[in-house]
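Enquirer: Sequence and predicted structure below; questions after.
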Amino acid sequence: MTLLRGLQTALNAIYPARCLTCGSMVDGDFKLCGSCWRDTPFVGGTICDSCGVPLPGLDHGDRPHCDACLETPRPWSRGRAAMLYRDTGRKLILALKHGDRQEIAHPAGLWLAHAARELIATNTLIAPVPLHWQRMIKRRYNQSALLAKALAGAADRPWSPDLLQRVRHTRSLEGMGRQDRFATLAKAIRVHPRRRQRLIGKSVLLVDDVMTSGATLAACTHACLEAGSGPVNVVTLARVSKEA
């Protein structure tokens, strides 16, 4: 460990850390300069306890819910998001997902750990939302798995990269309405038969890059609960908000 830290220090001296968005030099592990940090819509204050979207008013500790979650209760217990899907937040997500900027995952893991700190227990198992193998071949990596691994390292909790499987290749959810999203993902995700013993009775924290309708996370939650897990919570790097 000492050798690795020394190597990292030497590398930092040769290749100083740079801001993930503008490229200017930065200090620390959060990888954003002051200007880009101010332009990143991190979630704080009063939030919906189910999906993490910001809410008006003061936080009185009563676990409030947004209108969408009141209208359609989520199958998971609690949910959080590190930032909103706009401005610098959107740029970071698109760079990670489509721009092969895998280095974003490490600082994002720290942001996720902060956002999900109330959801992580001693018996929590962290797992990413899965990609179908055909999409994995095309993209070469699962951005949600990168985030889950970074979060597990930051939170010092175990994770299972293939706890869940997409057993049906569904078309992209982009542009679909809420009902179509849920219908498309029905029975598309299951717990890996060889990983079921890892989740029985345990709290599961699902990790994804973006939450829009919550259809994918709902399908993953149902799969975990049907396989015998304990309570399921969710955390995403970004949350789409109509108010954003």
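Expert: Nice, I can see it.

Enquirer: I figured A68 was touching G52, is that so?
Expert: No. Taking Cβ atoms under 8 Å as the definition, A68 is not a contact partner of G52, at 11.7 Å. C-beta coordinates here come from the backbone N, C-alpha and C atoms, glycine included.

Enquirer: So between these two, which is more surrounded?
Expert: G52 (26 against 18; other Cβ atoms under 10 Å).

Enquirer: pretty sure the more buried one is in a strand, no?
Expert: No. Per DSSP: H, G, I helix; E, B strand; the rest coil, G52 lies outside any strand segment and is coil.

Enquirer: give me phi/psi at it?
Expert: phi 90, psi 0 (degrees, to the nearest 10).

Enquirer: Where does the residue lying closest to it once chain neighbours are set aside sit: helix, strand or coil?
Expert: When the adjacent residues along the chain are set aside, G52 lies closest to A81, with 3.6 Å between them (Cβ to Cβ, 6 or more residues apart in numbering). Three-state assignment for A81 (three-state DSSP): strand.

Enquirer: Name whatever forms a beta bridge with A81.
Expert: On the basis of DSSP bridges, A81 is bridged to T236.

Enquirer: residues near it, how many?
Expert: For A81, using other Cβ under 10 Å, the count is 30.

Enquirer: And for the one 10 residues further on?
Expert: Here the count is done by other Cβ under 10 Å, and K91 has 17 residues near it.

Enquirer: can you confirm it is in a helix?
Expert: Yes. The assignment for K91 is a helix, going by three-state DSSP.

Enquirer: got a list of what E118 touches?
Expert: By Cβ atoms under 8 Å, 6 or more residues apart in numbering, the contact set of E118 is R78, R80.

Enquirer: swap that for T216, sorry
Expert: For T216, counting by Cβ under 8 Å, 6+ apart, the contacting residues are V129, L173, R181, L185, I189, D208.

Enquirer: Am I right that it falls within a strand?
Expert: No. Assessed with three-state DSSP, T216 is helix; it does not lie in a strand.

Enquirer: Return the backbone torsion pair for V234.
Expert: Backbone torsions of V234, given as degrees, to the nearest 10, read phi -130, psi 150.

Enquirer: which residues does S241 contact?
Expert: Counting by Cβ under 8 Å, 6+ apart, S241 has contacts V53, P54, L84, Y85, R86.

Enquirer: Looking at the contacts of T216, which are in strands?
Expert: Within those, residues falling in strands by DSSP state E are I189, D208.

Enquirer: of all the contacts of T216, which comes closest to A223?
Expert: Checking those against A223 with Cβ to Cβ, the nearest one is I189 at 5.0 Å.

Enquirer: gap between that closest one and D209?
Expert: Distance of I189 to D209, computed by Cβ to Cβ, to the nearest Å: 16 Å.

Enquirer: Could you do T88 as well?
Expert: Relative to D209, and taking Cβ to Cβ, T88 is found at 15 Å.

Enquirer: cool, and K31?
Expert: 17 Å.

Enquirer: swap in L96?
Expert: Taking Cβ to Cβ, one finds L96 at 7 Å from D209.

Enquirer: residues shared between the contacts of these two?
Expert: Common neighbours of L96 and D209 (Cβ under 8 Å, 6+ apart) are Q143, L237.
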